[in-house]
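This is a predicted model, with the sequence first.
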Number of protein chains: 2
Amino acid sequence: MYEPPVQRVIDELARLPGIGRKTAQRLAFHLLHVEAGDAVRLGQSIIDLRDQVRLCVRCFNVTAEEQCAICRDPRRDPTLVCVVERAQDIAVIERTQEFEGRYHVLGGSISPIEGIGPDQLRMKELVARVGNESITEVIAATNPTVEGDTTALYLARLLKPLGVTVSRLASGLPVGGDLDYADEITLGRALAGRREL
Amino acid sequence: MYEPPVQRVIDELARLPGIGRKTAQRLAFHLLHVEAGDAVRLGQSIIDLRDQVRLCVRCFNVTAEEQCAICRDPRRDPTLVCVVERAQDIAVIERTQEFEGRYHVLGGSISPIEGIGPDQLRMKELVARVGNESITEVIAATNPTVEGDTTALYLARLLKPLGVTVSRLASGLPVGGDLDYADEITLGRALAGRREL
C-alpha cells in the first residue's frame, strides 16, 4: 500500500505487542515528520540495544557490562537475594527503595500449561550462587499468580535444605495481578511484610 | 534507572506520540527478548525511513523515488486531483478504490490559532500544477473540521478563477452509524445535503 521504506517501518512496528496496524501507521508518519536526527536516534538505540546489552553473569539482569550495576555496587547486601521472574521486575522493586540486597532473574515462572518447568528457569544458577556466595535469605518476588506462587514454593523446597531462609512478598499485592502494575507503596509494604515460607 | 542502552531505548520510544513510559519499558524489554535480527530490522527500517524516503516532486506524497507510485502510474486520471492535508490521508482514500485521479498533499490546513496560513501550505505548488498539468477538477478532501472547511473554501476561491471545478467530500452520517449518536452539526449537514431517492 505504502512505498517500500514506509511499509517496512509500519510492518516492523506492527509486530510489537500492543501496536496495531493503525498505530504503526501513525507512528511511521510521525517519524517521517520529526527531525531526522530524532528518528535515527530511535532506530540506532534499538540496534544498539541488541548489540550492547547482555545478561549479568551473576544475576541475569540486563547490563552493558559483565556484571550489572547492582551486582557491582559494594554497598548492596550480599546475604540477601530477591528472586524475580523477569529483568524488568528489578526496576519496579528498586523504585520502592526498600531493598538493599541483590537479585536473581529466573527468566519466568513454573507453568505446566506453557511447558515451563524448573529446568527451563535459572534454578541451577541460583543453587550455585547459594553455594558460592554468602546468601542467607532468598526473597521470592515472583508474581502473585498461581505460577508465581508455585515457583515460590519450589524455591522454598529447593533452598531450605541448603540452610537458606526463603521468604515471599507479603500479601497486599492484588491476586492475579502483575508486578509491573503494582504501585511503589503497595510493593514497599509487601517487601517489608514478607513472611518465611 | 536501567542500564544506559536500555534506558536510551525507553527514552526514545517514550518520545513517540501515544507511547507512555510504561509502554516504552514493555516494548524495550520485548525487543530484548525477540530474535536479535527482528530488533535490528526494526531499528534499521526506522533509520532507512529517513534515509530513503522523500517527497514526490509532483504531489508531495512520501516516496522512495523522484515521483510517487501514484504519480508514476499512467492509468491514473491526470485531470482529477484530490487535495489532502497529510500524506497518510492518501492511503485512506486509496482503500475506497473509488478514486482514479492523482493527489496533492497540502501539508496541513489553514489554522489561524496555530499560525498556519495558506503560505505555510503547498498552495503555490498546487496553482503551478493547475497551470502545467491538464487538471479540470480538484476535490478538497481536507478534514471535515473548521480548519479543513476553511481550507476547502480557500481552495475554491483560489482555483475557480483558473477555470478548475472545485468539489468537496460530502458530509453526513457515517454508513452503519446510528442517528442517536450523530452530533447536531453532522446531522444538520446530512439534512442540508439530502438527496432525492
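Structure received.

Output the contacting helices and strands for the helix or strand hosting A:T151.
A:T151 is located in helix A:146-159, with elements delineated by DSSP states H and E. Taking 3 or more CB pairs under 8 Å, 6 or more residues apart in numbering or on different chains; DSSP states H and E as contact, the helices and strands that helix A:146-159 lies on are helix A:123-132, strand A:137-140, strand A:165-168. The C-beta positions use only the backbone N, C-alpha and C, and glycine is treated the same way.

Return the per-residue confidence for A:L173.
For A:L173, the model assigns a pLDDT of 69.

same question, the one 10 residues further on
According to the prediction, A:D183 has pLDDT 78.

Counting neighbours, what do you get for A:M1?
The tally of other residues near A:M1 (other CB atoms under 10 Å in any protein chain shown) stands at 11.

repeat for the one 5 residues further on
Burial of A:V6, expressed as a neighbour count using other CB under 10 Å, amounts to 27.

So it is in contact with A:H30, correct?
No. Distance between A:V6 and A:H30: 11.9 Å, which falls outside the contact criterion (CB atoms under 8 Å).

quick one: the helix holding A:T151 to helix A:123-132, angle?
Counting by axes from the mean of the first three to the mean of the last three CA atoms, to 10 degrees, helix A:146-159 lies at 40 degrees to helix A:123-132.

re the thing from before, would CSV of the helices and strands packed on helix A:146-159 with mean pLDDT, mean neighbour count and distance to A:R86 be doable?
As requested, the helices and strands packed on helix A:146-159 are arranged in CSV below (pLDDT from 0 to 100; neighbours: other CB atoms under 10 Å in any protein chain shown; distance: least, CB to CB, whole Å):
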stretch, mean pLDDT, mean neighbour count, distance to A:R86
helix A:123-132, 96, 15, 15
strand A:137-140, 95, 23, 14
strand A:165-168, 93, 20, 17
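
Quick one: closest of these to A:E114.
For the helices and strands packed on helix A:146-159, the distance to A:E114 is smallest for helix A:123-132, at 16.4 Å, taking CB to CB.

Could you export the closest one as CSV, CA atoms only?
The C-alpha trace of helix A:123-132 is given here as CSV (Å, rounded to 0.1, in the frame of the first residue of the first chain):
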residue,chain,number,x,y,z
MET,A,123,17.3,-22.5,39.3
LYS,A,124,20.6,-24.3,38.9
GLU,A,125,22.4,-21.0,38.7
LEU,A,126,20.6,-19.8,41.9
VAL,A,127,21.7,-23.0,43.8
ALA,A,128,25.2,-22.4,42.6
ARG,A,129,25.1,-18.8,43.9
VAL,A,130,23.8,-20.1,47.3
GLY,A,131,26.9,-22.4,47.3
ASN,A,132,29.4,-19.8,46.2
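
now the helices for chain A?
In chain A, the helices defined using DSSP state H lie at A:4-14, A:21-33, A:36-52, A:69-72, A:88-96, A:123-132, A:146-159, A:184-192.

now chain A, which segments are flagged as low pLDDT?
A:171-175, A:195 (pLDDT under 70).

what's the domain layout of it?
If you go by automatic domain parsing, the domain ranges for chain A are A:4-52, A:68-168.

want to throw these into CSV with distance to B:I113?
Formatted as CSV, the entries for those read as follows, by distance: least, CB to CB, whole Å:
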stretch, distance to B:I113
domain A:4-52, 20
domain A:68-168, 40
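
can you tell which of those is closest to A:V62?
Among these, the nearest to A:V62 by CB to CB is domain A:68-168 (4.8 Å).

ok so, going back, in TSV, list the helices and strands packed on helix A:146-159 along with distance to B:G117.
Compiled in TSV, those are given as follows (distance: least, CB to CB, whole Å):
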stretch	distance to B:G117
helix A:123-132	65
strand A:137-140	63
strand A:165-168	65
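
For chain B, find the nearest of the ones you listed.
Go through these one by one with CB to the nearest CB and the one that ends up closest to chain B is helix A:123-132, at 18.0 Å.

The closest one - contacts with which helices or strands?
Secondary elements touching helix A:123-132 (3+ CB pairs under 8 Å, 6+ apart): strand A:77-84, strand A:101-105, helix A:146-159.

Run through the neighbouring helices and strands of the second one.
Pointing back at strand A:101-105 there. Helices and strands in packing contact with strand A:101-105 are listed as helix A:69-72, strand A:77-84, helix A:88-96, helix A:123-132, strand A:137-140; criterion 3+ CB pairs under 8 Å, 6+ apart.

now it against strand A:77-84, angle please.
Between strand A:101-105 and strand A:77-84, the angle formed by their directions is 30 degrees, by the same axes, to 10 degrees.

Can you mark which positions in strand A:101-105 are buried?
Buried positions in strand A:101-105, judged by neighbour count with 16 or more other CB atoms under 10 Å in any protein chain shown: A:G101, A:R102, A:Y103, A:H104, A:V105.

and stretch A:42-57, how far out from the chain's middle?
16 Å (CA atoms, centre = their mean, to the nearest Å).

thinking again about what came up before, can you tell me which of the buried residues of strand A:101-105 is closest to chain B?
Within those, proximity to chain B (CB to the nearest CB) peaks at A:V105, which comes in at 11.4 Å.

B:L55 is nearest to which of the domains of chain A?
With respect to B:L55, and counting by CB to CB, the nearest of the domains of chain A is domain A:4-52 at 9.4 Å.

The closest one and chain B in contact?
Yes. Domain A:4-52 comes into contact with chain B (CB under 8 Å from any CB of the partner chain), by way of A:4-6, A:8-9, A:11-13, A:15-19, A:23, A:25-32, A:36, A:38-52.

what about that domain, start to end distance?
29 Å (CA to CA, to the nearest Å).

Quick one, which of the domains of chain A gets closest to B:L162.
domain A:4-52 (30.1 Å).

For that closest one, what is the distance to the chain centroid?
On CA atoms, centre = their mean, the centre of domain A:4-52 falls 24 Å from that of its chain.

Same question for stretch A:178-188.
In this view, stretch A:178-188 has its centroid 14 Å away from the chain centroid, taken as CA atoms, centre = their mean.

What's the end-to-end length of it?
Across its full length, stretch A:178-188 reaches 15 Å end to end, with CA to CA as the criterion.
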